[in-house]
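# Would you be able to build a 3D model of this:
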Amino acid sequence: MKVQKDVDIDINCIFEDEVSIGSSSTIGHNCYLNRCKIGKNVHIKPNTIIFGATIGDNCIVGPYARIRPGAVLKNNSQVGNFVEVKKSKIGKNSKISHLSYIGDANLGKNVNIGAGTITCNYDGIKKSKTIIKDKVFVGSNTSLVAPIQINEQSVIGAGSVITRKVNKKSLALSR
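Residues are numbered from 1 along each chain as shown. Down below sits the predicted model:
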């Protein structure tokens, strides 16, 4: 385990295998970190699990987040409470604030994912990719059925099930 000297680690944390934590980071209580790299000035909130992932600088993760193998959070991104991220890249300045599942996805910069959003990445036989380009806003309670691409500066209406490509600067919704 590699931890910088000015890292604040709260009680009851478990660290296994290779864990690296950058300077000025804070790890809340009851966190589990395994085979992960945490950048500088990162705040890992209580009861968060990070396993096989990379967290960039100035990120906020949790509480109660689960960051699974293959996840990469770029600098200044946020993953909030009860969010699970698996085998996905979360772009710089992007936010997944709460109650969402993001799997097998690539999110660009400045993306906002609304509460209750899921990437439907598994059809029972194979896993498919969701690609969300820069500056996309996804409304709450949305299902993105992969394989799918949401292009730059698009808006997805809350409560939608999106099954087709969304063009740049478009509004997509379903009821």
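# Just the terminal-to-terminal distance for stretch 26-38.
Across its full length, stretch 26-38 reaches 10 Å between end residues, using CA to CA, to the nearest Å.
# From here on, call the first residue 44.
Will do, 44 is the new start, and the previous item becomes stretch 69-81.
# if we look at it, which residues are touching it?
Applying CB atoms under 8 Å, 6 or more residues apart in numbering, the set of residues contacting stretch 69-81 from outside is 50-65, 68, 85-98, 105-106, 110, 112. For glycine as for every other residue, the C-beta is placed from the backbone atoms N, C-alpha and C.
# Residues contacting the helix or strand of the chain with the lowest mean pLDDT, please?
Scoring the helices and strands of the chain by mean pLDDT, DSSP states H and E places strand 45-46 at the bottom, with a mean of 80. Strand 45-46 is contacted from outside by 52, 62, 63, 64, using CB under 8 Å, 6+ apart.
# again, only this time at 6 Å
With contact meaning CB atoms under 6 Å, 6 or more residues apart in numbering, strand 45-46 is reached by 63, 64.
# Report the rounded mean pLDDT for the helix or strand following it.
Proceeding N to C from strand 45-46, the next assigned helix or strand is strand 51-52, under DSSP states H and E. Mean per-residue pLDDT for strand 51-52: 88.
# So which other helices or strands are in contact with whichever helix or strand comes after strand 51-52?
Once the chain leaves strand 51-52, the next helix or strand it forms, by DSSP H and E, is strand 57-64. Where contact means 3 or more CB pairs under 6 Å, 6 or more residues apart in numbering; DSSP states H and E, strand 57-64 is packed against strand 75-81.
# Parallel or antiparallel, which strands does the strand it packs on pair with?
Looking at strand 75-81 with DSSP bridges, its partner strands are strand 57-64 (parallel), strand 92-94 (parallel), strand 97-98 (parallel).
# Averaged pLDDT, the shortest one. What do you get?
Okay, so that is strand 97-98. For strand 97-98, the mean per-residue pLDDT is 98.
# coming back round to it: any chance of the strands paired with strand 75-81 in a markdown table, with mean neighbour count and distance to residue 164 too?
Converted to a markdown table, the strands paired with strand 75-81 look like this (neighbours: other CB atoms under 10 Å; distance: least, CB to CB, whole Å):
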| stretch | mean neighbour count | distance to residue 164 |
| --- | --- | --- |
| strand 57-64 | 15 | 26 |
| strand 92-94 | 22 | 18 |
| strand 97-98 | 23 | 20 |
